[in-house]
Structures are given as C-alpha cells and as structure tokens.
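J.: here's my sequence, what's the structure:
(3 chains)
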Amino acid sequence: MSIFNMPLIIQDATAVEVLAESVKGDMGMLWMLISGILVFFMQAGFFLVESGMTDSKNAVNIAMKNFLDIAVGSLAFWFIGYSLMYGADASGGFLHWGGFTFSQGAADLFFQTVFAATAATIVSGAIAGRTKYTTYAIFSIIMTALIYPIAGGWEWNGGWLNNTDIMPAEFIDFAGSSIVHSVGGWAALVAAWMVGPRIGKYLNGKPIEMHGHNQMYATLGVFILWLGWFGFNGGSQLAWGGADSDAASQVVLVTNLAASAGALGALLFTWFKNGKPNLGMTLNGALAGLVSITAGCGNMTEGGAVLAGLVGGLLVVLSIGFVEKTLKVDDAVGAISVHGVAGAWGTLVIGLWGVDGDAGIGLFNGGGAAQLGAQAIGVLAYAVWSIGLSYIFLLILKKTIGLRVSEAEEIAGLDISEHGSLAYPGKRQREID
Amino acid sequence: MSIFNMPLIIQDATAVEVLAESVKGDMGMLWMLISGILVFFMQAGFFLVESGMTDSKNAVNIAMKNFLDIAVGSLAFWFIGYSLMYGADASGGFLHWGGFTFSQGAADLFFQTVFAATAATIVSGAIAGRTKYTTYAIFSIIMTALIYPIAGGWEWNGGWLNNTDIMPAEFIDFAGSSIVHSVGGWAALVAAWMVGPRIGKYLNGKPIEMHGHNQMYATLGVFILWLGWFGFNGGSQLAWGGADSDAASQVVLVTNLAASAGALGALLFTWFKNGKPNLGMTLNGALAGLVSITAGCGNMTEGGAVLAGLVGGLLVVLSIGFVEKTLKVDDAVGAISVHGVAGAWGTLVIGLWGVDGDAGIGLFNGGGAAQLGAQAIGVLAYAVWSIGLSYIFLLILKKTIGLRVSEAEEIAGLDISEHGSLAYPGKRQREID
Amino acid sequence: MSIFNMPLIIQDATAVEVLAESVKGDMGMLWMLISGILVFFMQAGFFLVESGMTDSKNAVNIAMKNFLDIAVGSLAFWFIGYSLMYGADASGGFLHWGGFTFSQGAADLFFQTVFAATAATIVSGAIAGRTKYTTYAIFSIIMTALIYPIAGGWEWNGGWLNNTDIMPAEFIDFAGSSIVHSVGGWAALVAAWMVGPRIGKYLNGKPIEMHGHNQMYATLGVFILWLGWFGFNGGSQLAWGGADSDAASQVVLVTNLAASAGALGALLFTWFKNGKPNLGMTLNGALAGLVSITAGCGNMTEGGAVLAGLVGGLLVVLSIGFVEKTLKVDDAVGAISVHGVAGAWGTLVIGLWGVDGDAGIGLFNGGGAAQLGAQAIGVLAYAVWSIGLSYIFLLILKKTIGLRVSEAEEIAGLDISEHGSLAYPGKRQREID
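T.: You can find the predicted model right below:
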C-alpha cells in the first residue's frame, strides 16, 4: 500500500501518483499523532483549572478524577467506545458497531481516544467538592464508553446528522463544539443539579462566592488547554498535505484569534461591569472563545472567528451568573457555561456567519436559513441525548450507591474522606496518619 | 499549485519535481505550525517565571498581563502588525505595508504572531509590582502593533539591514536575538527606569533583595521556555525538507547546547563567587544561553554555540548586578539583562566566531571585521529604535494616564488594587469581598 | 543526496525512488526532532514529581539537580557519551568509540542526548534530601558520559546483545526499559543504599512515612512525563513513512494503554488494600505502566500492552513496600521500583507474551523460551553493569568528598545549606540573608 514498501516496478508516471498519496497519508498520520499528543496534555490543563478554581481540601480528589478519566477512558474507548462511534452503520445513522477493540488505524484511534477522555473530564469540575468517587468513576466510564461515542457517530461517522434527506443541510461540527463540549457541558448541568450545591454555596437562596485556592494553577491550566486546543481543532482536519495543510493551518490561526477575542471580551466586560478586570472570568473567557470556534474553525473567516470568540467571551460571563443565580445550580468551575453554552453558541454561529470556502452559508452572509436550521437541530439533538442519558444513569446511581458524600465528609474535604491524603501534606497529614 | 489537488495529466518527469516542491512546502508548513504552537506555550513559561520571581501579591496582575499580551497581541498583530512587518517595501526597507489583515499564509501568520506576543511579554516582568494595568495594556498594543513589526521588517522582510549598499555585510539575526529579545529588553530598560523602583527596593541608594514567592514556578517556567525555544529557533528555518531538515535539526541541537552552557556558566559562577550554586541565577543563565544563540543558531559551530551560551550565562550575572547597583534600575526579574544584554551579545558573537557553512565570517575565525560591523550596526539600530520609541510612548502615557499606581495600591498589591482578587484566595479573600 | 538539492536531470522513474527515500528521511527526522523535544520536557516532569513528593526544604536542591542533569548531561553526551554509544565497534560489541563530538546527524544526536539526561535524572529522586550537591554533580556526569552510553551501545549500536552467536535470540529493548530505566533504577538503588536513609525515616527499624509537600506538582509532573513518553517511545521508531508511520502510531497507542492500565492497577490495588484509592501510588502506577511498555512497545499486542501495564502498576506498589520495609532502603520517590523493577518487568514481558508482527515470540504465545532467555540475559547484564559501576564510582566519591551532608545541614534542608535560598521565599528568607 505504501510506496516505501512496494517494489518500484511500475516505473512510470503512476508511481508519482502513488507516492503523492502515500506521502499525504504519512503526513496526515504525523499531524494527527502530534495533535493527539497535544489533546492528551489537555487533561493536565483540566486538572489545573479544576483544582485551582476549587478548595484545596478537594484537590487530590480532582487529580484522582482526572487520572480516572484518562486511564479508564482510554481503556473503555479502546475496548468499546471507538467501535460504537466509528463502526459500521447499524440503524440508519443512529447506532454504529464494529466489534470489540475495533480500530481504523492507531493514529486515528489514539486521536479519538483523547477526545473521548475530554468529554468525561468536563463533568468533573462542575460537581467538584461533594460527589462520591465511586459514582464519578462509573459515570466516567458510561460517558466515554456510551454517551459520547454513540452520539459522536451521528456526525463524525457519517450518521444521520449528515443525511440531507432528513436534515435541511449537513450539520457542521468540525472539532466538536457540540459533540464533545456541549455533550460534556449538558451532562455537567444534569450532574451538578442532581448532586446539589456544595454546603455553604447558598444562603437564603442567594449564592455565596466560593473561591478557588490557587489562581496560578488555573492560569497555567488555561495556557495548557489553549495549547492543546491547537491539536484539538487543527488535528480534526484529519489530514495534511496540499489543501489540507492550508486548511489545518487556518484552523490553528482562527482558533488562536477566537481564544484571544474570548479572553479579551470577558476581560473588558468584567472591567466595565465591576471596575476591575477579573482573572477568573478572563480565563473562562479564553476557554469560551476556544469552545466557540471548535465547531466552525473550518467554516469561519478570520473576522468571523474573532466575532464568534468575542461573543463567546461575553456569553460565558452572563451564563455563569445565570446558572448560579437563576438556575441555582452550583457549578464549581463554570463548566456548564464554558462547554455547554459556548458549545451551543459555537455550533449555531456557523448558521449565522459561517462560510464554505468563499460562499456564505450563514443567515447574515447570504446563505439562507437552511444551515442555521441544521445547526439548531444538531444542538438540540446533542442536548436532548446528553441530558436524557445523563439523567437516567445518574438517577440509577443516585438510587443505588448514591451521588453525594456525607455532610461530615464534605466538610472534612474529599481528599481526606475519599483518598486519605492531602494535596499539601505537612503537619496536618501526620496527624491523620 | 499542490500536486494533491491537480489532475495528474502531466505524466512525465516534471510531476516528480512538482511533487518534490509540494511535499517540501507541506512539510515546511507542518514544522512552522508545530513550532508556532511551541512558541505560543512560551507565554505560560513567561507567566511562571515572572510570577514566581516576584511577590505573591502581584501574581494575578502578572497573569492578567500575560493574557493581555497574547490576546491583544494576537489581534493587533493579525490586524495591523503583520502587514507592517511583511507587507511590501514602502520606503527603502524602513517601512512596509500590506493593508489590514494582510497575510502570506496562515502558518506563517500564526508563527509570526506568537513571536510578536513574546516581544511584548518581555517588558511585563521588568516593571512588575507597580505599573498601572491600563498603561501596560496600551503599551502592549503599541509594542505588538508598531514598535516590533516595523523594526522586524528591517531584517526579516529583506529590509535595509540586508542591503549591502549601505551595510558592510548582510546583518544576521536568525531567530531574533536583537529583533525580538533586545527590542523587548531595551523597552524593558526604558520602562523600568521611567516607572521607577518598587517601594523598598533601595535603602540609602543600596539595592535590597526582593525575593520572589515561588522558585518552583520559576523553574517550571524556564523548562517551558527552553522547550518553546526549540520552536522559536528551529521554526525560524521556515522550511523543512532536504538541507532545511538538517539545518533546522542543527538549530535545535545548538540551541540546547547553548542553553546548557548558559545554565552551567551561571551555576558555576555563583558557586565560585558566593560559595553556593544559586537557582535564580542558574535559571537566568539558561535563558541567557538561549537568547545568546537565537541570532546565530544558523551560523555557529557546536563548540561556538557552547562558548556563546557560556559567555551569555556569565554576562547575565554581571549585568543583573550592574543594572541593579550601578544603573539603579529595578528590574524585578532580570529581563533587561536576559533579553537586552544577552540579545546584544548573541547578535555580536556572530561577528566574532560565526560561520557561514564551512567558511568563517567572524573576526576570530578569519572572516574579517565586516560581519562584526554589520552585527554592531544592527544591534545599535534596534537599541536606538526600541529605546527611542518606548521613551516617546511611555512619556505620553506618563503625562496622560500615568505609569504607576499609588503608594497605597502598590503596598496592598496590584492583585487587590487592580483586579480585586488574590492569587491564593482563602480567608483573606473573603474579608475583601 | 536530497532530491531538493540535486538538479533533476534524471528525468525518469529513478527520480521517484530517490524522492520517496528523501521524503521518508525528512519525515523521519521531523518525527525524531519533535519526539526529542517532548523527551526534553520530561525533565520538567521529573522535577515536579521529585520536588512534589519530597519536603519543601529540599525543593530548590531538586531543581538544581535537574538543571545539572540536562545542562551537564547535554554537554557531556555531546562531547563524549554519544561517541561511546554510537561510535564504531571497538571490542566485539562491548565498547564503541567515534572520537570527541562525534555525530551521525543533529536530529539523532539531540534525540539521544535527551535520553541520556533522563537516565541521570532517575537517580536524583531516590537520594533526595541528604546527598551533597557536588557529589551528585560528579555522579551525574559519570552517568551520562560513561555508564549509560557504554551500556546503551550493547543494544542500540548493534552490540553484543544483538549477536545471536552468543545470545539465544536478539535482545529486544525498543525504547529503553532496561537501557534507560533500569540502568537508572539500579544506580538509584545503589546510591540510596550507600547514602543511607533520611534522618527520621526509620524508627526502631520500622519505616515512617515522610510525606511530600505538594501532590499537585507530582500530578502535573506525571502528566508531563506521560506526555513526554509519547516521544520517548514513539520517537524510538527513529523513522516515519510507510510502515514506520503505522508502527510509530501503534507505539504511541499502546504506550497510552499501558500507562492507563498501570494507573488503574495501582489505583484499584490501593483501593482494595487500604479502602481508599491513593493518589501517590496511582501516579507511580502510571509511571510504572509507562516503563513496563518501553521495551516492548514495538512487540506487544494492544491487549498484551494493557496486561503488561496493569502488572507493572501492581508490581510497583508491592515493590515500594519491599524496598522500604524489607530492604530498608529509603527511596524518597519510589524511583527504584518505578524505573528499576518495572524496567526489568517491561523487558522480561516480551519473553512472556511479546509478538514480532503476527508471530508470537513469548513463552505464553507459542514463541518458546529463547526470547525470554535473551531478555533475562539483557536484564541481568544491565543490572550487573549499573550496580557494579555505580558502586565503584560512588565508593570513590564516598572515600573522597563524601556522599552525604552533615546532620545539621540535612535538618536545615539542602536548599539553605547547599544553595542558600528557599523554594518559597518570604519572611524566613529575609532572616537568612
């Protein structure tokens, strides 16, 4: 198959075509592998953001949840998830199956594995500080092995969302604003709502700010996530060579622009609103900018990407307030807003000012409403699926082993009660031993 | 243009040449994109070095400045800076312009953007702990949109420094010892001098050591910067394939050797001088080694690179003392010495023992004085430009909105006074709310 | 040699073959360079794991040891080590030599350099908290310049371990479970035994747990090591293109699976054993999983890799207890178990269920006992070499400058006594100045 391995007996022009295809395949695999490695590193970013934005008495628990996400996630997705996502169509684009330990090549399996681990991790932060480790462990497996991959196949395995017999247009979600981020974000919403707020979060129905313990970690974490996102979005081109090189480079460029605009939007918004530019919101703004361009990074002009990210950065500030004050859901790190809301926004914006090459496909650039309709259907489908299945599985977990630790355990901190060690051991640790 | 996209009707030998060029272009783009991603990550390194080497009461402010550098920098360089740097010659190699949102390809624009953000960030550390956030924000835009790109075009867009009608030889600055680092370093000098020392830095004219708050952050930051520098220098080959692969690999190799020699130089120097090897100086020595090879990484033997880095590591220790004690300029992180002084040294050393392939071009290896002259002119030109423009813009800022926060704000820390939150929130944060 | 540099006068089919080879070489160099950059970053991971798992009063010392490893290691390996490893055979595959500053290309030299620095670093953690900096510095040079490269040549330079005249089969150690990790691990064993336990580690012969100071650093460190290991193992393919692309991708995939299984194994083991899943052991389990697949990542099925990693994760928990309680050797970070024991396991497992393409070469998959014999000989040879030479050199150091700081210095902490500064300076630092 590869020209490097075949005897070059076809000494004519065909050999050039074979070589061109072979090299393109090799370069594409290289880019996907490097991108996958970058996406893997996002786990470290999530760990730092989530632990930094929450109390130090729960930081070991967050580390243990992140290790579980990547460890169990990698194994579960390898064993069953990838097959459910990229196997053969089993029912008109809704279900796919390829057998256990199914694979279409190691580079692709690895790349898709680290994506799956990301979806699970999003839930972790929202329910920090009061959720049972066992419960989280089981839900993390369900997320990576079932909820995410089945829904992922709808779009990325040529499933029903690409079927223009039932859709007004082919749904577009290049790197997963909906498939990864809003699926994770809506699951986080259900989980945070069902598990209930942390003790002390609400006083007479009004939210009390519960500070994180280390904004330096959160900042480093966002830089690492931003870094990893270049692989997340850029690698989703799934190829390199010729037009694909230009396209993937453009994806990286607009990803950086949208993140910048998201950070700047939240920074300026808090500055005008509160008189001081706020770090926590700037960090969430950068992430929201990244999520906002994840679906459309192959279908946005540079200016459009800046605008998409900017709106994402403003939206996330409003949404965090809405979730906390109006919905009265305690999301410890803003995951619902960053991944769920900005994920929906990033999917819809393609229908507003998206492009396909030089042609406008959005409502505001002459593309009509078909694409916006397709995007809305996709957003809705992923929301219904994620909310529905998360609700069912979490309800089962609630009725059986329970979602939440005891009040005493929560006050002591999950690090001690669930793991028996502290993030920053010292004298206090010796008392515990 | 790309063979992957053209119908392969030219079934003769020309197709091989076309494919060779096409693949070379694709590989070059891949290397530049990956390098740009590594350079992006340097922002995290700068954040950690600067916050670790300064007081914890100003760490949020440093994070906010770093986010501003990359966010505003990315947008400003995309909108105007890249055009001023890589647009068409507008005045004999001094000014360039290509229109707003000018681009010569996404991979190049992205790579150059993260370079521009670096130049701005250098200033941040030097003036930590007492500078107004608004002022810094405006200066950061000016740096990325005007000061850096205009001067960058002099060399990297075939500007006047390459013109042998007016220069004794073509100026060499492969990856920006002068263009990025000393431009940033001299701006830091002007800014630190104009904004004045932190309260408590000088007692009866003698400098008091003001410790950072976390040397672990600073250490991690230097490792990240060293990592990113492989992209900074290696990616500046701007190509991959054939001789370019060898050249870029050699650049990475000598970059690592010079950094090692710089770290070792400073480590041993402080050991002999003070009886104990010092971490802070070793970190600055590694960075100085990296800056010292940035201009010459394409024009140095391996032994020459070791020597260049070693001298850089010694120089930085001497220079930090000189800036602090003799100039009485309070540079909170040693940025003037690491980037300005080592940047000048790294540019000049090409004229001392630089090579061009197998031929010596330096004074000490039979190359005559022409190259040294050219390097000196370049060093001087970038110093004059950066000092001049920084002075003008900072003077305007001083006369209008002011450079410095009030004494009470400085003592309270910029995190509280400028951003209303702490790096390590806890009980004290709750009192502030 | 490269088609990009040669005039394309050979306008016939040969040009296609030349291009194919040239591009393959270019892509291989690119993958090796990127992998080397990832391996370099492992130094930051080691720094974080080692400093996080030990006392804060010795954290600066650990940073200084890591800088020494990469700085002195890079220079020593460039000057002499690479030549001893990859030079011409000088004595039947036991000794090699190629002259000072020998090189077979910059990408390879760089890649091998960062490997060498890793071997030295492994020793650092085990003997943390009581070893003289001077002594460590000298031993680090010996490790990178002599012990590691000479032994590395036995296998990776076609040395005696590949000679089937004296071996039952060719020894397999793809990326260095034995060559890098167990050589480092056994040297750590000798060093930790000779330098003796930290004050307070044993009370009436029973080990007292000495907690680290920051499990967040250790967690981030393991994520960085896991990340870097993709380059460590994947880059050891030393090529890209055609079958090499598939092979290197498969290496990355199984590396991730084994790390996941190792983390999960240790997590579950501590959960069942102590009732609570333990973070420190999970971290060591992930690392043990990585070490366990390092030799066999090119000779394992996916299922075999999962099993190898899982056993590694269980082994490391048992081994840490054995070293501490039975051998009574104080290994501050578990390096002997993670690198030595898991390194031996990872080498041997190829003889148990390893594959070569589709053929089984292990005892349990029909491959007979020859490979297991070869693996055992290799494990033994590297153990004897590393233990023997480490013992000799450390004995000389003990008899001359001494291995250990004074009791007063140890209690005060090495940061103050050896380096005169603190990891977290503040009021206490000012008292010291």
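
J.: so what's the residue count around the residue lying closest to A:L75 once chain neighbours are set aside?
T.: Take A:L75 and drop its neighbours on the chain: the residue closest to it by CB to CB, 6 or more residues apart in numbering or on different chains is C:S260, 5.3 Å away. All C-beta spots, glycine's among them, are computed from the backbone N, C-alpha and C. Neighbourhood size, C:S260 [other CB atoms under 10 Å in any protein chain shown]: 32.

J.: mind checking how far the residue of the stretch 201-350 of chain A found nearest chain B is from A:M27?
T.: Residue nearest to chain B within the stretch 201-350 of chain A (CB to the nearest CB): A:G242, separated by 3.0 Å. Here the criterion is CB to CB, to the nearest Å. By it, A:G242 lies 10 Å from A:M27.

J.: higher neighbour count, those two?
T.: A:M27 (27 against 21).

J.: quick check, that one in contact with B:M27.
T.: Yes - here A:M27 reaches B:M27: they are 7.1 Å apart, a contact under CB atoms under 8 Å.

J.: anything in contact with each of those two?
T.: C:M27 (CB atoms under 8 Å, 6 or more residues apart in numbering or on different chains).

J.: beta partners of the closest residue in space to A:K328 that isn't next to it in sequence?
T.: With sequence-adjacent residues excluded and distances taken as CB to CB, 6+ apart, A:K328 is closest to A:Y202, at 6.6 Å. Counting by DSSP bridges, A:Y202 is bridged to A:P207.

J.: what sits against A:Y202?
T.: Listed by CB under 8 Å, 6+ apart, the contact partners of A:Y202 are A:208, A:328, A:330.

J.: how about A:H211?
T.: Listed by CB under 8 Å, 6+ apart, the contact partners of A:H211 are B:421, B:425-426, B:429-430.

J.: try it again at 6 Å.
T.: B:425, B:429 (CB atoms under 6 Å, 6 or more residues apart in numbering or on different chains).

J.: and the pLDDT at it?
T.: Note on A:H211: pLDDT of 91.

J.: and it, that one's in a helix?
T.: No - under DSSP: H, G, I helix; E, B strand; the rest coil, A:H211 sits outside any helix and is assigned coil.

J.: measure it to A:G200 for me?
T.: The gap separating A:H211 from A:G200 is 12 Å, by CB to CB.

J.: low pLDDT regions in the stretch 1-150 of chain A?
T.: Within the stretch 1-150 of chain A, the ranges that satisfy pLDDT under 70 run A:1-13.

J.: residues from the stretch 201-350 of chain A in reach of chain B?
T.: Within the stretch 201-350 of chain A, the positions adjacent to chain B are A:211, A:214-216, A:219-220, A:223, A:227, A:230, A:241-243, A:245, A:249-250, A:252-253, A:256, A:260, A:263-264, A:276, A:279, A:282 by CB under 6 Å from any CB of the partner chain.

J.: among those, name the buried ones.
T.: If you count burial by 16 or more other CB atoms under 10 Å in any protein chain shown, the buried members of these come out as A:211, A:214-216, A:219-220, A:223, A:227, A:230, A:241-242, A:245, A:249-250, A:252-253, A:256, A:260, A:263-264, A:276, A:279, A:282.

J.: mind checking the SS state of the spatially most central residue of chain A?
T.: In chain A, the residue lying closest to the centroid (CA atoms, centre = their mean) is A:H181, at 3.5 Å. Under three-state DSSP, the three-state class of A:H181 is helix.

J.: by contact count, what packs against the helix or strand containing A:G45?
T.: For A:G45, the host element (DSSP states H and E) is helix A:14-52. Helix A:14-52 is packed against helix A:59-76, helix A:106-126, helix A:215-234, helix B:14-52, helix C:14-52, helix C:215-234, helix C:243-274, with contacts defined by 3 or more CB pairs under 6 Å, 6 or more residues apart in numbering or on different chains; DSSP states H and E.

J.: adding distance to C:N66, write the ones you listed out as JSON lines.
T.: Shown next, in JSON lines, are the helices and strands packed on helix A:14-52 (distance: least, CB to CB, whole Å):
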{"stretch": "helix A:59-76", "distance to C:N66": "22"}
{"stretch": "helix A:106-126", "distance to C:N66": "27"}
{"stretch": "helix A:215-234", "distance to C:N66": "18"}
{"stretch": "helix B:14-52", "distance to C:N66": "15"}
{"stretch": "helix C:14-52", "distance to C:N66": "4"}
{"stretch": "helix C:215-234", "distance to C:N66": "11"}
{"stretch": "helix C:243-274", "distance to C:N66": "22"}
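
J.: pLDDT score assigned to the residue nearest to the centre of chain A?
T.: A:H181 is assigned 97 on the pLDDT scale.

J.: quick check: residues of chain A near chain C?
T.: A:2-5, A:8, A:11, A:15-16, A:19, A:23, A:26, A:29, A:33, A:37, A:41, A:44, A:60, A:63-64, A:67, A:71, A:74-75, A:106-107, A:109-110, A:419-420, A:423-425, A:429.

J.: selecting buried members of those residues in ChimeraX, what would you type?
T.: A single ChimeraX command is used to select the members of the residues of chain A next to chain C judged buried by 16+ other CB under 10 Å:
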select /A:2,3,4,15,16,19,23,26,29,33,37,41,44,60,63,64,67,71,74,75,106,107,109,110,419,420,423,424,425,429
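
J.: where along the stretch 301-433 of chain A do the strands fall?
T.: With strands called from DSSP state E, counting those that start in this stretch, the stretch 301-433 of chain A shows them at A:355-356, A:359-360.

J.: could I get these as a markdown table with mean neighbour count and mean pLDDT?
T.: What follows is the strands of the stretch 301-433 of chain A, written out as a markdown table (neighbours: other CB atoms under 10 Å in any protein chain shown; pLDDT from 0 to 100):
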| stretch | mean neighbour count | mean pLDDT |
| --- | --- | --- |
| strand A:355-356 | 17 | 96 |
| strand A:359-360 | 14 | 96 |
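
J.: so which of those strands comes closest to chain B?
T.: With CB to the nearest CB, the closest approach to chain B among the strands of the stretch 301-433 of chain A belongs to strand A:355-356: 14.8 Å.

J.: got a list of what A:A145 touches?
T.: By CB under 6 Å, 6+ apart, the neighbours of A:A145 are A:76, A:80-81.

J.: just among those residues, which is most surrounded?
T.: Going by other CB under 10 Å, A:G81 tops those with 27 neighbours.

J.: ok, that one to A:F110 distance?
T.: A:G81 is 13 Å from A:F110, by CB to CB.

J.: residue of the stretch 301-433 of chain A closest to chain C, please.
T.: Proximity to chain C, evaluated over the stretch 301-433 of chain A using CB to the nearest CB, is greatest for A:P425 at 3.5 Å.

J.: which residues does that residue contact?
T.: Going by CB under 6 Å, 6+ apart, A:P425 touches C:H211.

J.: that one and C:H213, how far apart?
T.: Distance of A:P425 to C:H213, computed by CB to CB: 7 Å.

J.: repeat for A:I320
T.: Taken as CB to CB, the span from A:I320 to C:H213 is 33 Å.

J.: surely A:S140 meets A:T121?
T.: No - A:S140 sits out of contact with A:T121 when judged by CB atoms under 6 Å, with a separation of 8.4 Å.

J.: distance of A:N233 relative to B:T113?
T.: From A:N233 across to B:T113, the span is 16 Å (CB to CB).
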